[in-house]
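Q: Have a look at this prediction, sequence included:
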Amino acid sequence: MKMKESFIENLLLGKKHKKLLAIIYISILFTLMFYFAGKIFGAALYFATH
């Protein structure tokens, strides 16, 4: 059980590159968030103007 836990921890956090992985995960999250926000706003503006 402990090995599985540490494997998941290494996969998600990475003991050596914690800061780098955090930056990568945050940038992916923001990219997806703004992508979907852009799609929603684009659809809303399209329906508002047509």
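A: In hand now; what should we look at? Numbering: from 1, shown residues only.
Q: May I have the secondary structure class of I26?
A: helix (DSSP: H, G, I helix; E, B strand; the rest coil).
Q: can you count the residues close to it?
A: A count of neighbours around I26, defined by other C-beta atoms under 10 Å, yields 10. In this view, the C-beta of every residue, glycine as well, is placed from N, C-alpha and C.
Q: how far away is it from K19?
A: According to C-beta to C-beta, to the nearest Å, I26 and K19 sit 11 Å apart.
Q: what about this protein, any weak spots by pLDDT?
A: 1-17 (pLDDT under 70).
Q: let's see it at 50
A: Within the chain, not a single segment meets pLDDT under 50.
Q: mind listing the helices for it?
A: 2-12, 18-49 (DSSP state H).
Q: List the contacts of F47.
A: By C-beta atoms under 8 Å, 6 or more residues apart in numbering, the contact set of F47 is empty.
Q: measure it to Y25 for me?
A: F47 is 33 Å from Y25, by C-beta to C-beta.
Q: Over to A43?
A: Separation of A43 from Y25 (C-beta to C-beta) stands at 28 Å.
Q: And T49, by the same measure?
A: From T49 to Y25 the distance is 36 Å (C-beta to C-beta).
Q: okay, those two: which has more neighbours?
A: Y25 (12 against 6).
Q: mind checking how far the more buried one is from Y46?
A: Taken as C-beta to C-beta, the span from Y25 to Y46 is 32 Å.
Q: One more: L20?
A: Distance from L20 to Y46, by C-beta to C-beta: 39 Å.
Q: Next: I26.
A: 30 Å.
Q: likewise M33?
A: In terms of C-beta to C-beta, M33 sits 20 Å off from Y46.
Q: again with G38
A: 12 Å.
Q: likewise K19?
A: 40 Å.
Q: got the CA positions of stretch 23-32 in CSV?
A: Extracted in CSV, the C-alpha atoms of stretch 23-32 (Å, rounded to 0.1, in the frame of the first residue of the first chain):
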residue,chain,number,x,y,z
ILE,A,23,3.8,25.3,-12.6
ILE,A,24,3.0,22.8,-15.4
TYR,A,25,-0.2,21.6,-13.7
ILE,A,26,-1.3,25.2,-13.0
SER,A,27,-0.6,26.2,-16.6
ILE,A,28,-2.5,23.2,-18.0
LEU,A,29,-5.4,24.0,-15.7
PHE,A,30,-5.5,27.7,-16.7
THR,A,31,-5.2,26.8,-20.4
LEU,A,32,-8.2,24.4,-20.2
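Q: Thanks again, I'm all set now.
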